[in-house]
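*Asks:* Got a predicted structure here, sequence first:
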Amino acid sequence: MKVDRFKAREILYSIMNTAGTEEVSVTESFGRVLAEDIAAPRDFPDCRKSAVDGYAHIIGAETYKLIGETGAGRKGAERISGGETVFVMTGGNVPEGADAVSRVEDCTAEGDIISVPDQKKGDNINNIAEENSAGDIIARKGSVIEKGLYPVLFYIGKHNVSVYKRPKIGIFVTGDEILEAGDDYRKGFVYNTNKYILESFFKDAHFDFHYAGHVKDSRDEVKEAFEKMSAEYDIIISSGGISMGKYDYVKEVFITCGYEVLFQRTAIKPGSPLMTAVKDGCVFIGMPGYPAAFLTNLLFYVLPALKKAYGISDHDITPVEVVMGSDTPSREGRFDINRAVVRSENGKLTAYDAGTQKTSHFNSFAVVNALLLLDETKGSLKKGDSVKAILY
């Protein structure tokens, strides 16, 4: 069964369910996905604090008598009256009554008499709740705890957070022609590439995955791999064996061994072969063997679907508008996904054809950083044309 790209994505999203939630320590939360909204537990700041090293005072006098000092985490004078000043270090509490802080470098001191410049009320004071009020939502459910959010959880004093459990992903590749890293070159054979495509993207996405190995082109071995792995993993991804070849056994196993096949191909190029099936609560995704088609399907279909399974709210692809800096070939009436190199030039994202769009070619991905989305209404694009692209 062949489906268009919209139906394929709809089906993939519909079968990708989260695996529940759990509570973890914030120290173990990096890379996890929030299963709760995070609210400010109190006002930030919770008291008035100095934005500078300087002298807190009540506006109205030219000179003030220094009566003490205070710093962040240190207690000093809690209140001042007219004619008094307290030296407050950055982050220190501003005494009650003070309505401005003058920077130390703008003041002059003669003993304990401090002269300050003209100020306005509120100068150099961080007021209560100016960043957040208690109860304000800081991060939404479905957010990934990464380099920005992770330290914020410590900043607000969280001890534990509710996160989505991580579905377990099992991967294997098929093919008698596959060589592994370190094997001697053999003419006509190919090195295992798709394993490392998955590893590079899955590690970056903090996915829980396991490589189960290389399976030969044998119906029994493919069937055994699927059945064994289905007891251990929530999602199984295979590479190769789903086209029309004599030894494409993944497709045969799906069709003849009780799997509910949801679709077999999608209307895109490259990467039309893409099989999705379910059995006993496990999701099976059969990916093409050519690395260029494999990577295209991964970016366009599979990664967004897996992000949904991990509970990530912003899981869908987000294309951007680019301007062509060169021509790129396409065929009207077909949805093509072309490789491109995108650079920022004169304030615009400018795309250049990768030099080849053949599914059998892969070396261009060494410099490619985007996929152009050429819908059925577009033929080949010329320099200056606009088109949507996925940046990665």
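*Replies:* Now that the structure is in, tell me what you want to look at.
*Asks:* which residues touch the residue nearest to residue 68 when sequence neighbours are not counted?
*Replies:* Closest residue to residue 68 apart from its sequence neighbours, by CB to CB, 6 or more residues apart in numbering: residue 77 at 4.4 Å. Glycine gets a C-beta too; all of them are placed from N, C-alpha and C. By CB atoms under 8 Å, 6 or more residues apart in numbering, residue 77 lies in contact with 67, 68, 70, 84, 86, 95.
*Asks:* for residue 77, helix, strand, or coil?
*Replies:* For residue 77, the secondary structure call by DSSP: H, G, I helix; E, B strand; the rest coil comes out as coil.
*Asks:* Quick check: the gap between it and residue 99.
*Replies:* Between residue 77 and residue 99 the distance is 15 Å, computed by CB to CB, to the nearest Å.
*Asks:* And for residue 167?
*Replies:* Counting by CB to CB, the gap from residue 167 to residue 99 is 56 Å.
*Asks:* what about those two, which has more around it?
*Replies:* residue 167 (21 against 17; other CB atoms under 10 Å).
*Asks:* Now do the same for that one: its pLDDT.
*Replies:* We have a pLDDT of 96 for residue 167.
*Asks:* just checking, it touches residue 307?
*Replies:* No: the criterion here is CB atoms under 8 Å, and residue 167 misses it with residue 307 at 10.8 Å.
*Asks:* count of residues packed around residue 389?
*Replies:* 23.
*Asks:* which one's the longest strand in the chain?
*Replies:* strand 336-345 (DSSP state E).
*Asks:* Would you mind listing the buried residues in that strand?
*Replies:* Buried residues in strand 336-345, defined by neighbour count with 16 or more other CB atoms under 10 Å: 336, 337, 338, 339, 340, 341, 342.
*Asks:* next structured bit after that strand?
*Replies:* Under the assignment DSSP states H and E, the closest C-terminal helix or strand after strand 336-345 is strand 348-353.
*Asks:* Show me which residues of that following strand are buried.
*Replies:* Buried, per 16+ other CB under 10 Å, within strand 348-353: 349, 350, 351, 352, 353.
*Asks:* Let me know how buried the nearest residue to the second one once chain neighbours are set aside is, in neighbour terms.
*Replies:* This means residue 350. What sits nearest to residue 350 in space, not counting adjacent residues and going by CB to CB, 6+ apart, is residue 325, at 4.2 Å. Counted with other CB under 10 Å, residues neighbouring residue 325 total 19.
*Asks:* quick one, what contacts residue 325?
*Replies:* Taking CB under 8 Å, 6+ apart as the test, what residue 325 contacts is 343, 345, 350, 351, 352, 383.
*Asks:* Let's see the pLDDT reported for the closest residue to the second one other than its chain neighbours.
*Replies:* Yep, that's residue 345 we're talking about. Using CB to CB, 6+ apart and skipping residues adjacent in sequence, the residue nearest residue 345 is residue 325, 7.1 Å away. Looking at residue 325, its pLDDT reads 98.
*Asks:* quick one, phi psi at residue 325?
*Replies:* phi -100, psi 0 (degrees, to the nearest 10).
*Asks:* helix/strand/coil for residue 365?
*Replies:* Strictly by three-state DSSP, residue 365 counts as helix.
*Asks:* List the contacts of it.
*Replies:* By CB under 8 Å, 6+ apart, the contact set of residue 365 is 291, 292, 295, 339.
*Asks:* Out of the residues you listed, list just those in helices.
*Replies:* Under the assignment DSSP state H, the contacts of residue 365 contribute 291, 292, 295 to helices.
*Asks:* Nearest to residue 138 among those?
*Replies:* residue 295 (35.6 Å; CB to CB).
*Asks:* Go ahead and confirm the closest one touches residue 197.
*Replies:* Yes: if you go by CB under 8 Å, residue 295 and residue 197 touch, sitting 5.3 Å apart.
*Asks:* more crowded one of the two?
*Replies:* With neighbours defined as other CB under 10 Å, residue 295 and residue 197 compare such that residue 295 has more, 26 against 19.
*Asks:* Residue 301 versus that one, what's the distance?
*Replies:* Using CB to CB, residue 295 is found at 11 Å from residue 301.
*Asks:* Same question for residue 193.
*Replies:* Distance from residue 193 to residue 301, by CB to CB: 19 Å.
*Asks:* Comparing these two, which residue is more hemmed in?
*Replies:* Legend: neighbour count by other CB under 10 Å for residue 193 and residue 301, higher for residue 301 (24 against 20).
*Asks:* show me the contacts for the more buried one.
*Replies:* Contacts of residue 301 (CB under 8 Å, 6+ apart): 5, 8, 9, 12, 266, 274.
*Asks:* Which helix or strand contains residue 262?
*Replies:* Using DSSP H and E, residue 262 falls in strand 260-266.
*Asks:* Quickly note the distance from the residue nearest in space to the middle of the chain to residue 152.
*Replies:* For the chain, residue 205 is the residue whose C-alpha lies nearest the centre (CA atoms, centre = their mean; 6.3 Å). For residue 205, the distance to residue 152 equals 21 Å [CB to CB].
*Asks:* same question, residue 282
*Replies:* Residue 282 is 36 Å from residue 152, by CB to CB.
*Asks:* Show the low-confidence segments of the stretch 201-350 of the chain, by residue range.
*Replies:* Where the stretch 201-350 of the chain drops to pLDDT under 70, the residues are 242-248.
*Asks:* Please enumerate the strands of the stretch 101-250 of the chain.
*Replies:* 108-110, 113-115, 125-126, 137-139, 160-164, 168-174, 178-179, 190-191, 208-215, 235-239 (DSSP state E, counting those that start in this stretch).
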